[in-house]
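Visitor: please work out how this folds:
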Amino acid sequence: MRAISIALRRFFAVILLAELAFLVKPVEGQRAVEPQRPAYSADEVKAAFLYHFGTYVEWPVIKAAGDPITIAVLGAPSVAMLLADYVPGRNIRGRPVEVRSITRIEDVRDAELLFIGPEHNAMLSDLVEALGKRPVLVVADAPDGLQRGAMVNFQIVDQRVRFEISQRNAKAAGLVLSSRLLSAAIRVETSSCWSDCRRAPPHDFALVVASRAVPGLRAMP
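Guide: Here you go, the predicted model:
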C-alpha cells in the first residue's frame, strides 16, 4: 500500500512538472529540441515554479487591495529576466505580480517571495538570517538550501528541476504552505508531513493541475 502511495505521489508531481513546462513560453528562435533532451531550460522551469509557488502560500500580512505580490530575485539574472517575461497578465490571489531584481538583501523590503541565486550560496545562511522574521518565502538553489534556512530549495533530479520544502522554516516565518504544494515536493523536512501528504486523495492534486489552466479556480488551501 505504501509503495502505491509513493508511486501516485511521484506521478502527480510529474503531472505538475509537465504543466509548468507547458506554461513556459519557448524562447523566440529556439531550435527544435532533440529527442531525449529537456524541452525547456532549467532557468525557464525555475522561473515558472517561482510564480506558482506564490499561489500556494498564505502570508500573515495582507497588503491593501491592488498592491502587487512581489517576487525579489537576488542574483540569477537569467531567471529574473525569464520571470519578468512570464508574469505579465498573471496574478496571485487577484493581485498583479511584480518582479524585482536586487543586488542587496536590504532591497527585499516588503517582497513576499525571494529567490537567492546559486552564486550567493556561500552566503546563504547569512542572507536568510538578515531577513529576520520577515514573512517572505525564501527559495534557494543550493545543495543544502533547507539546512541553511530556505523554505523551498531547487534540486536537479534525472536532469529535471524538482524542489524540496522545509515546512519548519516556513512556519518560523509565519507562512502557511498548501498541502497540495507539499505533495509535489520530492522531500518535505518534517517528520509528520510524509504521512499527511500520503493521505491526500489523488484527485485532490488533479484539481491543482486543473486550477492552473482554469482562471479563477482557488489554489488554497
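
Visitor: going forward, measure contacts and count neighbours with C-alpha atoms only.
Guide: Will do.

Visitor: and W59, how far is that from R162?
Guide: 23 Å (CA to CA, to the nearest Å).

Visitor: of those two, which one has the most company?
Guide: Comparing W59 with R162 by other CA atoms under 10 Å, the one with more neighbours is R162, at 22 against 17.

Visitor: that one contacts F154, doesn't it?
Guide: Yes. At 5.8 Å, R162 counts as touching F154 under the criterion of CA atoms under 8 Å.

Visitor: tell me the SS of the residue lying closest to V108 once chain neighbours are set aside?
Guide: Leaving aside its chain neighbours, V108 sits nearest to A72 (6.2 Å; criterion: CA to CA, 6 or more residues apart in numbering). Following DSSP: H, G, I helix; E, B strand; the rest coil, the label given to A72 is strand.

Visitor: tally of neighbours for A72?
Guide: 26.

Visitor: switch to numbering from 13
Guide: Understood, numbering begins at 13; the last thing we discussed is A84.

Visitor: residues in contact with it?
Guide: 111-114, 120, 123-127 (CA atoms under 8 Å, 6 or more residues apart in numbering).

Visitor: the chain: helices as residue ranges?
Guide: 14-35, 54-66, 89-98, 136-142, 179-184, 191-196, 205-211, 214-225 (DSSP state H).

Visitor: per-residue confidence at the closest residue to L193 other than its chain neighbours?
Guide: Spatial nearest neighbour of L193, chain neighbours left out: Y68 (6.3 Å); criterion: CA to CA, 6+ apart. pLDDT, Y68: 95.

Visitor: for S191, see how far away Y68 is.
Guide: 9 Å.

Visitor: more neighbours, those two?
Guide: Shown here are Y68 and S191; by other CA under 10 Å, Y68 has more neighbours (22 against 18).

Visitor: quick one: the more buried one and S190 touch, right?
Guide: Yes. Assessed by CA under 8 Å, Y68 is found in contact with S190 at 5.2 Å.
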